[in-house]
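Participant: just to be clear, the model below is a prediction. Sequence and coordinates:
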Amino acid sequence: MKPFPLTKANRILLARAFRDVPRVDLSIECVIENQMGSAFVDDPVHPTAFLIRVGPFHYLAGDPAGPGGQALVAGLDPFGLIMSTGPGWIDALGEAYGEKVKKYPRYRFTSERLSLERLESLWEPSPWKGKVQRIQPPIAAQVWEQPGLADISDFDSPADFHARGIGYCVLEEGRMIGTAYSSLVCSQGIEISLVVEEAYRRQGMATALSCALLRWCLENGMDPHWDAGNPPSKGLALKLGYTFQEEYDLHVITA
């Protein structure tokens, strides 16, 4: 598995290779646009197997049956999250790793029916609306040094997050106790990450943070992409006005 420099020509090859791979989030577009993330292939000159990786998330395309595809499968990171693939790759994973491959359900949504009216109806009565604040450069710098509830490491720097990203948080005595932010960004929109400290959950903070972030997205023409990994996240998405699309499987290679 070799790095695939994101030159203009190689980005075209990636776009072709991943054209028919299902989109479950914005990671593939982030790499093709060279916004964030990285790409790997079996052969940088004549690639037949492709891997896109953004943080722990992996996406596979190309020929899984050839020597290049088998080598790529053999080199995958343990505990990497395999989000979506082209045909044949999940079978190749099973042949290579057997029962070490585990699958978990995730839930896809579309933002096409989100509305400012619905968000305002949730925001106005919230006891948190006076405490939600935008993540400004000093807070972004703090997050960069001490990730805690937010991870902006796919950006180049705190300044880069301020320039390309967006986020909101609640602080208590200078400590972040909840946040909703763009973990990924590309021309199509942002990928939303949402974390609230356990002691503050089920008190409406996640709803307030989400409303602030989604309102900014709608007002600024950015698609706020929501991909849920658990039932509470699924329920919140529906509450906010997202439309459920489908359940799909995430695969993990365990040790």
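Facilitator: Arrived safely. All figures in this text were calculated on a predicted structure; none of them were measured in a lab.
Participant: now the spatially most central residue of the chain: how far from Leu119?
Facilitator: By Cα atoms, centre = their mean, the mean C-alpha position of the chain lies nearest to Glu191, the distance being 4.9 Å. With distances taken as Cβ to Cβ, to the nearest Å, Glu191 is found 19 Å from Leu119. C-betas here are computed from N, CA, C, even on glycine.
Participant: give me the phi and psi for the residue nearest to the centre of the chain.
Facilitator: Dihedral angles of Glu191 (phi, psi; degrees, to the nearest 10) stand at phi -100, psi 130.
Participant: which non-adjacent residue is nearest it?
Facilitator: Distance criterion Cβ to Cβ, 6 or more residues apart in numbering; nearest residue to Glu191, sequence neighbours excluded, is Leu184 at 3.7 Å.
Participant: the one you found reaches Phe57, doesn't it?
Facilitator: No - the criterion here is Cβ atoms under 8 Å, and Leu184 misses it with Phe57 at 9.2 Å.
Participant: low-confidence stretches in the stretch 51-200 of the chain?
Facilitator: Along the stretch 51-200 of the chain, segments meeting pLDDT under 70 are nowhere present.
Participant: show me where it has strands.
Facilitator: Secondary structure of the stretch 51-200 of the chain (DSSP state E, counting those that start in this stretch): strands at 57-62, 81-85, 101-110, 132-134, 167-172, 175-186, 189-196.
Participant: partner strands of the last one, parallel or antiparallel?
Facilitator: What that stands for is strand 189-196. Paired with strand 189-196 in the same sheet, following DSSP bridges, are strand 175-186 (antiparallel), strand 223-225 (parallel).
Participant: and the helices in the stretch 101-250 of the chain, which stretches?
Facilitator: Under the criterion DSSP state H, counting those that start in this stretch, helices of the stretch 101-250 of the chain are mapped to 116-123, 137-145, 158-164, 205-219, 231-240.
Participant: dump the fourth one to PDB, restricted to CA.
Facilitator: Yep, that's helix 205-219 we're talking about. The C-alpha coordinates for helix 205-219 follow below in PDB (Å, rounded to 0.1, in the frame of the first residue of the first chain):
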ATOM      1  CA  MET A 205     -27.600  20.600  25.200                       C
ATOM      2  CA  ALA A 206     -27.100  18.400  22.100                       C
ATOM      3  CA  THR A 207     -30.300  19.900  20.500                       C
ATOM      4  CA  ALA A 208     -29.200  23.500  21.200                       C
ATOM      5  CA  LEU A 209     -25.700  22.900  19.800                       C
ATOM      6  CA  SER A 210     -27.000  21.200  16.800                       C
ATOM      7  CA  CYS A 211     -29.600  24.000  16.100                       C
ATOM      8  CA  ALA A 212     -26.800  26.600  16.200                       C
ATOM      9  CA  LEU A 213     -24.600  24.700  13.800                       C
ATOM     10  CA  LEU A 214     -27.400  23.800  11.400                       C
ATOM     11  CA  ARG A 215     -28.800  27.300  11.300                       C
ATOM     12  CA  TRP A 216     -25.400  28.600  10.300                       C
ATOM     13  CA  CYS A 217     -25.200  25.900   7.600                       C
ATOM     14  CA  LEU A 218     -28.600  26.800   6.100                       C
ATOM     15  CA  GLU A 219     -27.900  30.500   6.200                       C
END
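Participant: quick check: His46 vs Pro67, distance?
Facilitator: Counting by Cβ to Cβ, the gap from His46 to Pro67 is 12 Å.
Participant: comparing the two, which residue is more hemmed in?
Facilitator: Taking other Cβ atoms under 10 Å, His46 and Pro67 do not tie; Pro67 has more neighbours (12 against 8).
Participant: show me the contacts for the more buried one.
Facilitator: Asp42 (Cβ atoms under 8 Å, 6 or more residues apart in numbering).
Participant: still on that earlier bit, for the strands paired with strand 189-196, give me a markdown table that also has mean neighbour count and distance to Leu114.
Facilitator: A markdown table is the format used below for these (neighbours: other Cβ atoms under 10 Å; distance: least, Cβ to Cβ, whole Å):
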| stretch | mean neighbour count | distance to Leu114 |
| --- | --- | --- |
| strand 175-186 | 23 | 14 |
| strand 223-225 | 22 | 7 |
